[in-house]
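Visitor: how would this look folded up:
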Amino acid sequence: GGLEWLMRRIEIGLLLLVWLASACDGESLSQTDLTDGASLDVLAVDTAVDAHLSTDSNASRDAQSKPDANSVQDALLDSRSPDSAIGNHPDGCRIGFSGGSAVGVGFPTPNARLQSIGVVRATILFAEFADVTSDRTPEEVFQLISPGAEAFFTANSYGRIDLILDPHLVWLPLQENAAHYAAGLTSFAGHRAFMDEAVRAADPAFDFSSTDVVVVMAAPNAQDIGYGPTWMGIPEYALVADGRAFTNGVTSGADLVFWGSKWLNHELGHSMGLPDLYSFDGPGGFTRPFSVMDLINSSAPEFLAWERWQLGWLDDDQIICDGLDAEIELTPIESTGGLKAAMVRSAGDRVVVVESRRALGYDNGLQDTGVVVSLVDGALPTGRGIIEVMHDRIPLTPGQSVVVDGVQVDVVSRTSMTDTVVLTRSE
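Guide: Numbers count the residues shown, from 1 in each chain. Okay, here's the model as predicted:
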């Protein structure tokens, strides 16, 4: 009821206050050291399927922490950088969204995708199957994702998104065996049918009129459903309940126990239009340890500067585009306020992005800190290096430089909370 909802919001606020203390003083929060479990997302535009296959069952779920949403937002608004005289307006680095793609790195995000600003209400349903009765209560399964998922988004968005998870805490008995629904995950229609059955089963007792996205939690002991993908619909084939149409949804799998709450942040990242940053062609990824859109349980899962700009979590005046031959002082992406990225449009839909990373907040496990240089390539598809962190994915420190797509990045100096860089066109 209302009291339970209020207590959960208080719990999230307390977690966020702990995170903010870490981000402000640079001290690391304790975090379980998770092993590098390989993940495989299969996302095709024609099927809109996004899958995870866990290959490491020994990793434990890490504990999360964070700051109060209002204090984060106020701090951000109070400390925004003034418009810089260096470089052009950020529109010069803003690339378009690839036509017909459900996810990507362009602007604007397709209208059918989930909003990333303000209140976002996710209805959480719990499904068991004709051959599998859950060995956990709905409350126990819900605790695998909450309050961790809400707090992660609040911290990464600097308080700009308020994710509210609204659970319907009963097991919904679906009609078929688990293997039937697992097979359906490989097609748009099959995945939609899975979600639609759960929605229809809950509808008599649950009001969907304020729902923005539906998350169906499969019984974790249903081993036939190995992974939990995102369903990305279009208005013509939306799910509908209580007069509300949904074009975004997620279903969980047995790997939920392995990934923990950041699994939902990854999948909802897709719902908001973000691509996969690990490789579809084999183990490994293009940005790890950076970004939850690559390896979910990495040591530095906070979103990249480009992703935050794309989602509206960074303002244009926190970005410098084509600021060449001048010193630019960046503040860590994990902290609120300040200048967050220097970018150069290198050619076509390719942009070199420079940001600062520190072992703060959810990146507290990061061993090497400093300047991270990425290449964003809007011509590439998801899972094929659409964003790639350069320099062997190792941050640069003062005296180091790297040339990416004709742009040279030199690190001039650093303090505990700044990195100063110079960007030039290489000969």
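Visitor: contacts and neighbour counts: CA atoms only from here.
Guide: Noted.
Visitor: that's a helix at residue 402, yeah?
Guide: No - counting by DSSP: H, G, I helix; E, B strand; the rest coil, residue 402 is not found in a helix; it is strand.
Visitor: ok, what's across the strand from it?
Guide: Here residue 402 sits in beta bridges with residue 409, going by DSSP bridges.
Visitor: you'd agree it is up against residue 408?
Guide: Yes - Residue 402 is in contact with residue 408 according to C-alpha atoms under 8 Å; the separation is 5.7 Å.
Visitor: report the residue spans of the stretch 101-250 of the chain with pLDDT below the cut-off.
Guide: Within the stretch 101-250 of the chain, not a single segment meets pLDDT under 70.
Visitor: mind listing the strands for it?
Guide: When assigned using DSSP state E, counting those that start in this stretch, the strands of the stretch 101-250 of the chain occupy the ranges 118-128, 161-173, 213-218, 230-232, 239-241, 244-246, 248-251.
Visitor: could you do the stretch 251-400 of the chain as well?
Guide: With strands called from DSSP E, counting those that start in this stretch, the stretch 251-400 of the chain shows them at 319-321, 327-330, 341-347, 350-357, 370-377, 387-389.
Visitor: just put the strands of the stretch 101-250 of the chain in TSV and tack on distance to residue 110 and mean neighbour count.
Guide: Rendered in TSV, the data for these read as follows (distance: least, C-alpha to C-alpha, whole Å; neighbours: other C-alpha atoms under 10 Å):
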stretch	distance to residue 110	mean neighbour count
strand 118-128	17	21
strand 161-173	18	19
strand 213-218	15	25
strand 230-232	11	29
strand 239-241	18	19
strand 244-246	14	18
strand 248-251	12	26
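Visitor: and those: which comes nearest residue 415?
Guide: Closest approach to residue 415 among these is made by strand 161-173 (29.9 Å; C-alpha to C-alpha).
Visitor: burial of residue 426, as a residue count?
Guide: 11 (other C-alpha atoms under 10 Å).
Visitor: what's the spacing between it and residue 395?
Guide: In this view, residue 426 and residue 395 are 20 Å apart by C-alpha to C-alpha, to the nearest Å.
Visitor: same thing with residue 124?
Guide: For residue 124, the distance to residue 395 - C-alpha to C-alpha - is 38 Å.
Visitor: what does residue 422 give?
Guide: Residue 422 is 15 Å from residue 395, by C-alpha to C-alpha.
Visitor: also residue 283?
Guide: For residue 283, the distance to residue 395 equals 22 Å [C-alpha to C-alpha].
Visitor: kindly report the same for residue 363.
Guide: On the measure of C-alpha to C-alpha, residue 363 and residue 395 end up 13 Å apart.
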